[in-house]
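1. coords below, sequence missing:
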């Protein structure tokens, strides 16, 4: 097996910036009435599925379960559009996550619908969160931390 760079050890200041962003998002979603921590975990898991990031799928499945998410909803996430398990807020957040992850343009109608369901603050925070998990997925896929090594807090 090829050894990969220790990205945390080699770029500690960059990791502090990324972790600070995670702290901001945690605070925002802890206080939000729309995009909650549980919704955020679903989004992180779904984006990680799309990006096929094994480490992040393992991590966010564990974190979602730790937040009280059900196995049924985690298993159904791959087919969320056809599963009657998710709220309108969750459906909106998952749709936005898939749209941004695919790098499609955002037209005014889609944006207005999003803001109508989530509000402006949650739209901004969710957009930052989707950008963050896409970034984390690319880091993990490059440096390949050991799948299964993550332990929830």
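-> Arrived safely. Keep in mind the model is a prediction, meaning the values are calculated, not measured.

2. Residue 145: what secondary structure?
-> Of the three states, residue 145 takes coil according to DSSP: H, G, I helix; E, B strand; the rest coil.

3. I figured it was touching residue 56, is that so?
-> No: the criterion here is CB atoms under 8 Å, and residue 145 misses it with residue 56 at 9.5 Å. Backbone N, C-alpha and C define where each C-beta goes, glycine included.

4. more neighbours, those two?
-> When residue 145 and residue 56 are compared for neighbours, residue 56 comes out ahead with 24 against 18, by other CB atoms under 10 Å.

5. Surely residue 74 touches residue 64?
-> Yes: the pair residue 74 / residue 64 is scored as a contact, 5.8 Å apart, by CB under 8 Å.

6. Pick out whichever of these two has more residues nearby.
-> Neighbour count, other CB under 10 Å: between residue 74 and residue 64, residue 64 has more, with 23 against 18.

7. low-scoring stretches of the protein, by residue?
-> Regions of the chain meeting the criterion pLDDT under 70 cover residues 1.

8. Point to the residue nearest the middle of it.
-> Nearest residue to the geometric centre of the chain (CA atoms, centre = their mean): residue 44, 1.8 Å.

9. Stretch 131-150: how far from the chain's middle?
-> The chain centre lies 12 Å from the centre of stretch 131-150; the measure is CA atoms, centre = their mean, to the nearest Å.

10. ok, now stretch 48-59?
-> Worked out by CA atoms, centre = their mean, stretch 48-59 lies 10 Å from the chain centre.

11. Could you do stretch 62-77 as well?
-> Distance, stretch centre to chain centre, for stretch 62-77: 13 Å (CA atoms, centre = their mean).

12. For that stretch, which outside residues touch it?
-> 37-38, 41-42, 44-46, 49, 61, 83, 85-86, 94, 150-153 (CB atoms under 8 Å, 6 or more residues apart in numbering).

13. now do stretch 123-137
-> 18, 21-22, 24-25, 28-29, 32, 35, 40, 43-44, 47-48, 51, 53, 56, 93, 96-97, 100-101, 111, 114-115, 118.

14. Of these, which qualify as buried by neighbour count?
-> 21, 25, 28-29, 32, 35, 40, 43-44, 47-48, 51, 53, 56, 93, 96-97, 100-101, 114, 118 (16 or more other CB atoms under 10 Å).
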